[in-house]
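1. model this:
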Amino acid sequence: MPPRSLDRIDGHLPIEDHGLIGDGTTCALVARDGSIPWLCLPEFDSRPFLAGLLDPVRGGAFSIAPVGLREAGQRYLEDTGVLVTELRGTDGVLQLTDCLTLRAGADLGESVPSGRGELLRLAHVVSGSVELEVRLAPFDPVQVTQEGGAWRMLSGAHRDLHLVLWCSHPLTPARDGSLTGRVRLHAGERLTAVLDWSGNTRILYRTDPDQLVDQTVQAWHRWAQRLSYEGPQRDLVRRSALTLKLLDHAPSGAIMAAATSSLPEVIGGVRNWDYRYTWVRDAAFSTYALRRIGMTSESDSFLAWTLTNAERDRRVSIMYALNGDQPDIEWEDLSLAGYRGSGPVRWGNGAAGQHQHDVYGELLDVAYQYVRSGGGVDEHLWRVLRSLTEQALERWDTADSGIWEIRATGRPFTYSVALCHVAVDRALRTADLCDLPAPRDRWRAAADHIQATLLDRAWDPERGTFTEHLASADGTGRGGLDGSLLALPLRRVIAADDPRMVATAEAVRRELDAGDGLLYRYLHTASPDGLPGQEGAFLLCSFWLVDNLTGQGRLDEAHALYESLCGRASDLGLLAEEIDPGSGAFLGNFPQAFSHVGVVSSGWALARAEQARR
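-> As a prediction, the model looks like this:
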């Protein structure tokens, strides 16, 4: 995109002024001002090495930028995770290419590490001359020593990492471990910097940086060539698929919910959570979206990893750290002020121990999609899937914390009940497809009973809509409205054009309206969640509304809403979790897998509906 001025608020660039790069093991955010204020090492959910995103004074960053920076713009090299930032100073223009490098010949479709364990920053003066400033200041203090033209960094917070910085131009260390340097470069001249954590000594014997960029680009192109999508917003759908891939942890098959922790759901609020983990629900939606556009290996890897964890634990958890265990205990980090002063900053996630019964349906649905695509189910795998099905039958009508992870007294949430029905339904379908032994009559009766109970007790005849949780057997204690009701047709619990679902979609659209096509997940006044404050509009709910309009045959309305939502993407085609309805600014963790799932899935559904109409 064309360079434009940099506007900081409270010392921070807007969330949307950042791009994402990654290598399938970790990722980094590159800001439009040439800094990298976010990088966790060695993996997505590790302690941050750079955390200036959450505190520009104490968090640390790796900056390469002209002195007197005036304007900047960013773009991706097409169909890659390689980012180019154009920075305009007083006397010249600098082009900065950033990537987490990939091995020569790497296949991103394989469940093996493709990255080289290094961040490459290549600065090239396009015109004029630039006084270039380089500064690396880690979040935690480091001790630096110079060796063979490179700087070795010893970090007490990353004791197992062999951190090395190599720069083509001189740097000077400071007592806090930061490294800085200034150099004036003229048109055609370059500066290269590489941060390496692989433990390899090759950092001292530099590979040609252009070759590294080229092999990284080629690896991304090989993966992107398998994308199959021809529909509305084609370029944005492809970028969303690439973003989901950048959140995919290749060695395990886990898929992150988002790249960051503690970006606030409202400025100044306390709803700041660590999303650098794999929620079974979020990852299931991600794999379903990727499968729709031709990418199946990610879904298969996620399924194998999650079922392995579930078999070990004899239950499926709602979320996992990358090592397959539960995330760290949630704690508040008082050393960081938070994005725009929105503390507390949190590491770990306190929702990890919650009961969220939708998880059974999410996972059984992924397994069913795998089988439908030709995957086989042996006796061992079927035993695990049967066990999870029986767990869904045991718990479907008990209270849980729901899809939105409330931190108040649980309720029998409608979406959770619906997904327990999905679990049994998909188990039956899997058994039939693969001719597997199963208590079919009992399961069919149970599935019918769950669905009938949901359609009866979640329906409010006075309001003419489904509600967020089941009423009591006598019809009392009905709940408020919840955006996840819009997902019921997506899971084939009830058809989108069923009159009850049509009425529900209209009620959600009316009562959870945040303006201009945006929706709140729920209203805290009507659906208490045990937390103070408010939040922004949740993007995925609006994409679910697109899907309902599509399912109702209201394609012109669906297209208009879809185009409006896609128009909220950043210059780079990225989306956060939420939108501030007043300003349109991004809120919540970023980039958020759920939002990009909406771009892909709703676009695919619209394309299919248009084809059917023609």
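2. quick one, helices of this structure?
-> 209-224, 234-246, 280-292, 297-313, 358-372, 379-395, 414-434, 440-457, 499-511, 539-551, 555-566, 593-613 (DSSP state H).
3. how about CSV for these, with mean neighbour count, distance to Trp404 and mean pLDDT added?
-> All C-beta atoms are positioned from the backbone trio N, CA, C, and that covers glycine. Output for these, formatted as CSV (neighbours: other CB atoms under 10 Å; distance: least, CB to CB, whole Å; pLDDT from 0 to 100):
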stretch, mean neighbour count, distance to Trp404, mean pLDDT
helix 209-224, 18, 33, 97
helix 234-246, 22, 21, 98
helix 280-292, 25, 11, 96
helix 297-313, 20, 21, 94
helix 358-372, 25, 11, 96
helix 379-395, 18, 18, 96
helix 414-434, 25, 9, 98
helix 440-457, 16, 18, 97
helix 499-511, 18, 14, 98
helix 539-551, 26, 10, 98
helix 555-566, 18, 20, 98
helix 593-613, 22, 12, 96
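4. closest one to Tyr76 among those helices?
-> Shortest distance between Tyr76 and the helices of the chain, using CB to CB, is found for helix 234-246: 7.2 Å.
5. how close does Trp42 get to Leu247?
-> One correction, residue 42 is Pro, not Trp. Look at Pro42 and Leu247: by CB to CB, to the nearest Å, they are 16 Å apart.
6. Looking at the two, which one has more neighbours?
-> Between Pro42 and Leu247, Leu247 has the larger neighbour count (other CB atoms under 10 Å), namely 27 against 17.
7. show me the contacts for the more buried one.
-> Leu247 is in contact with Gly22, Cys27, Phe44, Ile255, Met256, Ala257, Ala258, Ala259, Ser286, Pro591, Ala593, counting by CB atoms under 8 Å, 6 or more residues apart in numbering.
8. With adjacent residues omitted, what lies nearest to it?
-> Met256 (4.2 Å; CB to CB, 6 or more residues apart in numbering).
9. and what of Cys167?
-> Leaving out its chain neighbours, Cys167 is closest to Ala193 (CB to CB, 6+ apart), at 4.6 Å.
10. okay, the one you found: pLDDT?
-> Here, the pLDDT recorded for Ala193 equals 96.
11. Surely it and Trp166 touch.
-> Yes. Ala193 is within contact range of Trp166, at 7.0 Å (criterion: CB atoms under 8 Å).
12. What are the buried residues along stretch 577-586?
-> Glu577, Glu578, Ile579, Asp580, Pro581, Ala585, Phe586 (16 or more other CB atoms under 10 Å).
13. cool, and stretch 112-128?
-> Buried, per 16+ other CB under 10 Å, within stretch 112-128: 113-125, 128.
14. Please apply the same query to stretch 63-79.
-> Ser63, Ile64, Ala65, Pro66, Leu69, Ala72, Gly73, Gln74, Arg75, Tyr76, Leu77, Asp79.
15. which among those residues gets closest to Gly105?
-> Asp79 (17.6 Å).
16. From Arg234, how far out is that closest one?
-> Distance check for Asp79 against Arg234: by CB to CB, it reads 12 Å.
17. And Ala193 and Trp166? Which one has more around it.
-> Ala193 (23 against 19).
18. so who does that one touch?
-> For Ala193, counting by CB under 8 Å, 6+ apart, the contacting residues are Ile64, Leu120, Arg121, Ala123, Val134, Leu165, Trp166, Cys167, Ser168.
19. Can I get these in JSON lines including distance to Thr101 and pLDDT?
-> As requested, the contacts of Ala193 are exported to JSON lines (distance: CB to CB, whole Å; pLDDT from 0 to 100):
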{"residue": "Ile64", "distance to Thr101": "16", "pLDDT": "98"}
{"residue": "Leu120", "distance to Thr101": "5", "pLDDT": "97"}
{"residue": "Arg121", "distance to Thr101": "11", "pLDDT": "98"}
{"residue": "Ala123", "distance to Thr101": "16", "pLDDT": "98"}
{"residue": "Val134", "distance to Thr101": "19", "pLDDT": "98"}
{"residue": "Leu165", "distance to Thr101": "15", "pLDDT": "95"}
{"residue": "Trp166", "distance to Thr101": "13", "pLDDT": "94"}
{"residue": "Cys167", "distance to Thr101": "16", "pLDDT": "95"}
{"residue": "Ser168", "distance to Thr101": "16", "pLDDT": "94"}
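20. Narrow those to those in strands?
-> The strands, defined by DSSP state E, take in Ile64, Leu120, Arg121, Ala123, Val134, Leu165, Trp166, Cys167 from the contacts of Ala193.
21. Quantify the burial of the fifth one by counting its neighbouring residues.
-> Neighbour count of Val134, defined by other CB under 10 Å: 24.
22. Isn't it up against Leu191?
-> Yes. Using CB under 8 Å, Val134 is in contact with Leu191, at 7.1 Å.
23. Mind listing the shared neighbours of those two?
-> With CB under 8 Å, 6+ apart, Val134 and Leu191 have common neighbours Ile64, Cys167, His169, Val183.
24. of the contacts of Ala193, closest to Gly148?
-> The nearest one, if we look at those relative to Gly148 and count by CB to CB, is Trp166, at 9.1 Å.
25. For the closest one, which residues are in contact?
-> Gly149, Ala150, Trp151, Thr192, Ala193, Val194, Asp196, Ile203, Leu204, Arg206.
26. same thing with Asp107?
-> Neighbours of Asp107 in contact, by CB under 8 Å, 6+ apart: Ser114, Ala219, Arg222, Trp223.
27. can you pull the pLDDT of it?
-> At Asp107, pLDDT is 95.
28. how near is it to Trp305?
-> With CB to CB as the criterion, Asp107 and Trp305 are 18 Å apart.
29. Over to Cys27?
-> In terms of CB to CB, Cys27 sits 19 Å off from Trp305.
30. and if you look at Leu433?
-> 23 Å.
31. returning to that earlier point: dump the helices of the chain into CSV; add distance to Pro138 as well.
-> Output for these, formatted as CSV (distance: least, CB to CB, whole Å):
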stretch, distance to Pro138
helix 209-224, 23
helix 234-246, 23
helix 280-292, 30
helix 297-313, 31
helix 358-372, 37
helix 379-395, 42
helix 414-434, 42
helix 440-457, 51
helix 499-511, 46
helix 539-551, 33
helix 555-566, 37
helix 593-613, 27
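32. Quick one: closest of these to Leu50.
-> Closest approach to Leu50 among the helices of the chain (CB to CB): helix 234-246, 17.0 Å.
33. so what does the closest one touch, helix or strand wise?
-> Here helix 234-246 touches strand 18-22, helix 209-224, helix 280-292, helix 593-613, going by 3 or more CB pairs under 8 Å, 6 or more residues apart in numbering; DSSP states H and E.
34. how about those in CSV, adding distance to Asp425?
-> Converted to CSV, those look like this (distance: least, CB to CB, whole Å):
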stretch, distance to Asp425
strand 18-22, 36
helix 209-224, 33
helix 280-292, 15
helix 593-613, 20
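35. Please identify which of these is closest to Leu419.
-> helix 280-292 (8.5 Å).
36. mind listing what Gln225 touches?
-> Gln225 neighbours (CB under 8 Å, 6+ apart): none.
37. With Pro528 instead?
-> Ile406, Ala408 are the contacts of Pro528 under CB under 8 Å, 6+ apart.
38. chain center to stretch 584-601, what's the gap?
-> The chain centre lies 7 Å from the centre of stretch 584-601; the measure is CA atoms, centre = their mean, to the nearest Å.
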